Structure formats: structure tokens, C-alpha cells
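> Following is a predicted model, sequence given first.
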Amino acid sequence: MTKTFYIKTMGCQMNEYDSDFLAQSMIHHGLFPVDEPEDADLVLINTCIVRAKPEQKALSFLGRMSAFKKRKPGLILGLVGCLAQKDGASLLKRFPQLDLVMGPRELSSIQEVLGRIDSDRQRVVATRLEPGPPRPIHTLGYFEGRIKAHLSIMEGCNNFCSYCIVPHVRGREVSRSPDEILDEARALISEGVRDITLLGQNVNSYFREEGGRWTFSSLLREIGKLEGLWRLRFTTSHPKDLSDELIRRFGDISNLCPHLHLPFQAGSNRILKGMKRGYTRERYLELTAKLKEVRPDISITSDVMVGFPGESRADFELTLDLIRQVEFDSLFSFKYSDRKGTLAEKMPEKIDEPEKTARLNTLQHLQRQITFKKNRELEGKQVEVLVEGQSKKNKMLTGRTPSNKIVNFTSNNGKFGILVKVLIKDGLLNSLRGDALKNG
Ligand code: 5AD
Ligand code: SF4
């Protein structure tokens with residue numbers, strides 16, 4: 001019988017959410033989590049394939065665990081998530097030690113599948129793309145002691161940006177029922193969670209007809225009303241679907257945090273067209289200006305890519321120019337990576353690796369200057385911090401501002417899970433440092 005489990009999570013917040021679901025479901029069925037894969041009877045690897053690098057990482061961890069299983073034949077080894085969905089049954093051939101391959105849309109049946117493996121040692125592949133049944137909520141106790149949690153409101157993507165593999169492995173958009181979402185939010189809050197991030201590949205296109213029309217904006221309003229929820233966030237938004245109504249929500253939902261992750265990907269209209277993004281640089285600049293108007297303290301973060309096929313030096317300069325204009329609080333930046341089966345993979349004029357690296361370095365250098373400048377501007381200011389715990393490096397407490405910046409601070413009150421006013425002394429590159437005021 002399988003008694004202990006370990007889950008290795010790679011990739012995005014949706015994968016973290018899925019892993020939390022898997023862990024809750026295991027615990028509900030009497031299994032115990034362990035800290036090291038070597039101590040587990042069951043190891044699940046939750047994988048990402050958005051670029052070649054995370055895919056290689058997933059395969060190399062799987063290789064390591066397969067080798068380990070030769071020494072521990074009783075181990076049940078499963079690969080779940082996006083790589084499982086993409087490569088399916090071929091993974092069983094390639095990795096004879098693998099017992100289970102399961103795509104993201106199949107995870108609601110994890111217990112039944114594990115039962116089959118446990119009882120007669122079948123190897124299982126589950127990679128249907130149709131929406132699965134709703135996942136049971138087993139939060140009982142799992143989130144106690146955690147202040148932040150993710151909550152999925154919709155899944156899948158209909159956009160088919162030309163570079164992106166995600167719609168191929170996560171399927172079409174499906175919105176969860178508002179009742180289910182609100183129940184899950186209440187369950188999280190009752191366990192002490194105070195900061196919830198709503199998740200979806202494209203949250204702006206949330207839509208459900210259930211006792212009326214539910215849009216993302218109306219859903220946000222309802223969740224924002226829940227007692228005990230101090231901070232509400234969401235990710236990821238697509239610029240083409242960011243409505244004026246939603247922008248206004250930043251001004252009128254008091255616990256909605258002044259932070260928006262709004263991937264722009266490229267600053268040149270020609271490249272945006274090739275990416276099939278459905279907006280122009282002018283439209284993106286207009287949106288960010290409106291956001292700043294409604295909420296002057298808003299922190300805008302983004303994703304950007306360099307070296308998309310056909311990207312000229314001039315196109316790249318337009319990306320840098322957009323970064324200078326918007327002044328993002330922080331940026332996730334990537335080199336374009338060919339993904340098999342996407343439109344971009346078949347495009348001519350691929351940019352070579354050294355050029356992509358040079359562009360990425362230039363871009364990251366620029367962003368570091370902007371991030372540092374913005375953090376320095378907070379010196380001498382008071383911010384509100386939700387205390388998450390003790391900082392790893394020193395004896396300080398650590399938490400985040402509403403705009404999601406990390407703050408390490410001194411305090412004579414060691415309490416976690418409370419809101420504290422902190423006076424910022426130093427704005428560093430990746431965090432802020434300061435002292436708690438009064439009772440903090
Ligand atoms: N190559 C490089 N980056 C990619 N992303 C998505 N697909 C690719 C790709 N093929 C980036 C985008 C996206 C983030 C999650 O990953 O910037 O917003
Ligand atoms: Fe990676 Fe995309 Fe899958 Fe998330 S949805 S794990 S980013 S491939």
C-alpha cells in the first residue's frame with residue numbers, strides 16, 4: 001500500500017494550484033507528505049513545457065527518479081501536467097519505470113487511477129482534453145498556517161498566440177461555476193488564508209450563465225465582498241480582453257490589490273501581429289495609462305519575449321522603448337523558444353541563439369535599472385505589509401506590500417498573518433527593507 005507521497009512542481013501558478021489539489025486529495029485519502037522524493041512511496045512530477053528549458057528540466061528529474069526506482073521497485077512514479085498531456089503514451093515507452101501519465105484535465109480522477117495502480121500494477125495514461133468533472137474540495141486543514149493561496153476560476157485558452165503551446169495541452173477555455181469558486185474561497189478564508197490570487201490562462205474571458213450573466217468583473221465584485229479576505233489578486237490578463245469595466249474595478253473594490261500582471265510580449269506592431277496577439281503597442285500604452293489614472297499606485301508587471309522569428313534590431317528597440325515608457329515594476333523576460341506544432345515554429349527568419357542572448361541581456365539590464373529606481377522611490381514611505389513569516393537570510397520578518405513587493409523588516413512583535421505598517425529604509429533590487437512602526 002502506498003503511504004507517503006512527494007510532489008515536484010514545475011511551471012506556472014496553475015501547476016502550483018493543481019499540485020495543492022493533488023496533495024489535499026492524497027492527504028484526504030490517508031497518505032502523508034514527505035520532504036524528499038527518496039522517502040516517498042509515490043512521486044508525482046507536475047511538469048511545464050512552455051519553453052524548451054522547463055521541458056528539459058522535467059525530463060531530467062524524471063530520468064533521475066526512474067534511475068532511483070531501479071533501486072526501489074515498489075515506488076509509484078507518475079508524470080502529470082503539460083508534458084504528460086503533450087507526449088502521452090510515448091512517455092511509457094521511453095521511461096519503462098513510469099506508472100502514470102496524466103494531463104491537467106484528468107487530475108480530478110487521481111484517486112481512482114492510483115487505486116488501479118495500487119491494486120493490479122497497471123500502467124495508466126489519461127490525457128483527455130474534454131473538461132473533467134468538478135474537483136472535490138478537501139481543504140480541511142491543508143491551508144492552515146498559510147496566508148496566501150491560489151484559486152482557479154477558469155482553465156484553458158482559446159487565443160492560440162502563434163508561439164504558444166499552452167492551448168494545445170490545456171484545451172479550450174472552461175469557466176468554473178461561481179458557486180464552486182465562492183465556496184472554495186470561503187473554505188480558504190476559514191482556514192486563515194487572507195490573500196487569494198484568482199487564476200486562469202486568460203481570466204478576462206471568464207464567463208458563466210448561472211442565475212444571470214457572470215463576467216470576470218462581476219465575479220471579482222462578489223469575491224471582493226467575502227469577509228476576512230484582505231487581499232484579492234488575479235492573473236493572467238490578456239491586453240486584448242482588458243475591459244474598461246475591469247479597469248474601473250481597481251478603483252472601487254477596496255481589497256483588490258493595486259497590482260496587475262499584463263503580458264505585452266513585444267513592443268513592435270509587426271511582431272505583435274506575427275504573434276497573433278490582437279492588440280497594438282498604442283493600445284497597450286493606452287491601457288496602462290488608464291490603469292495608472294484609475295489607480296496611481298498600481299504596480300504593473302509583464303511578460304516579454306526577445307528573438308521571435310523575424311524580430312529585427314528595430315523591432316527589438318521598440319520593445320525597449322515600450323519598457324521605458326511603461327516603467328514596469330518587474331518583468332519576466334524570455335528568449336523565444338520553438339515549440340513543436342505551433343505556427344511560429346514554421347515561420348522563417350529564426351533569430352540565432354547568441355543574438356537572442358544579447359537582446360535578453362540588454363533588456364534585463366534596462367529593467368533592473370527601472371526596478372531599482374522604483375524601489376528606491378519608496379525609501380522614506382510607509383507601506384502596509386501582510387506578514388508571511390521569518391526571512392530566510394536574517395532574523396527579519398518578511399511579507400509583501402499590496403503591490404506584491406517583498407519587504408523584509410525588523411519588528412518587536414513576531415506575529416505572522418497580520419497587517420503591519422512598515423517604514424521603508426532601503427529600496428533594493430529584489431526587495432525592500434525597513435522597520436515596523438509602533439505595534440508591528
Ligand atoms: N518561447 C518563449 N517564451 C514563451 N512564452 C510562452 N511561449 C513561449 C515560447 N514559445 C512566455 C510568454 C508567456 C510566458 C508564460 O511564457 O511570455 O507570457
Ligand atoms: Fe507551463 Fe503553460 Fe503548462 Fe503552466 S500552462 S505549466 S506555463 S506549459
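Good, I have the coordinates. Ligands and ions are numbered 1, 2, ... in the order given.
> Show the subsequent helix or strand relative to whichever strand or helix holds residue 65.
Residue 65 is part of helix 52-71, with elements assigned from DSSP states H and E. Secondary structure here is assigned by DSSP H and E; on that basis, the next helix or strand after helix 52-71 toward the C-terminus is strand 76-81.
> so what strands line up beside that next one?
Strand partners for strand 76-81, identified by DSSP bridges, are recorded as strand 42-47 (parallel), strand 100-102 (parallel).
> for the longest one, what is the average pLDDT?
Think strand 42-47. Across strand 42-47, pLDDT averages out at 97.
> same thing with the shortest one?
Across strand 100-102, the average pLDDT comes to 96.
> what about the helix or strand following that strand, average pLDDT?
Tracing the chain past strand 100-102, the next element assigned as helix or strand by DSSP H and E is helix 110-120. Summarised as a single mean, pLDDT over helix 110-120 is 84.
> What residues sit buried inside helix 110-120?
When burial is assessed from 16 or more other CB atoms under 10 Å, helix 110-120 yields the following buried residues: 110, 113, 114, 117. Where C-beta positions appear, they are placed from N, C-alpha and C, glycine not excepted.
> From those, pick the one nearest residue 305.
The shortest approach to residue 305 among the buried residues of helix 110-120 belongs to residue 110, at 33.5 Å (CB to CB).
> Surely the closest one and residue 25 touch.
Yes. Taking CB atoms under 8 Å as the definition, residue 110 is a contact partner of residue 25 at 5.8 Å.
> thinking again about what came up before, the buried residues of helix 110-120: which two are farthest apart?
Comparing all pairs in the buried residues of helix 110-120 by CB to CB, the longest separation belongs to 110 and 117, at 10.5 Å.
> hey, where'd the strands end up in the stretch 201-350 of the chain?
Using DSSP state E, counting those that start in this stretch, the strands assigned to the stretch 201-350 of the chain run over residues 207-209, 213-215, 231-235, 259-261, 299-306, 330-335.
> so can I have a markdown table of the ones you listed showing distance to residue 3?
Putting the strands of the stretch 201-350 of the chain into a markdown table (distance: least, CB to CB, whole Å) gives the following:
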| stretch | distance to residue 3 |
| --- | --- |
| strand 207-209 | 40 |
| strand 213-215 | 42 |
| strand 231-235 | 36 |
| strand 259-261 | 39 |
| strand 299-306 | 40 |
| strand 330-335 | 38 |
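> Quick one: closest of the ones you listed to residue 276.
Nearest of the strands of the stretch 201-350 of the chain (CB to CB): strand 299-306, 13.3 Å.
> Buried residues of the closest one, list them for me.
Buried residues in strand 299-306, counted by 16+ other CB under 10 Å: 299, 300, 301, 302, 304, 305, 306.
> Just send these back as a markdown table, with distance to ligand 1 and pLDDT too.
Rendered in a markdown table, the data for those read as follows (distance: CB to the nearest ligand atom, whole Å; pLDDT from 0 to 100):
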| residue | distance to ligand 1 | pLDDT |
| --- | --- | --- |
| 299 | 17 | 96 |
| 300 | 14 | 97 |
| 301 | 11 | 97 |
| 302 | 8 | 98 |
| 304 | 6 | 98 |
| 305 | 5 | 98 |
| 306 | 9 | 98 |
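> Flag every buried residue along the lengthiest helix in the chain.
Identified as the longest helix of the chain according to DSSP state H is helix 353-376. Buried positions in helix 353-376, judged by neighbour count with 16+ other CB under 10 Å: 356, 359, 360, 363, 366, 367, 370, 371, 374, 375.
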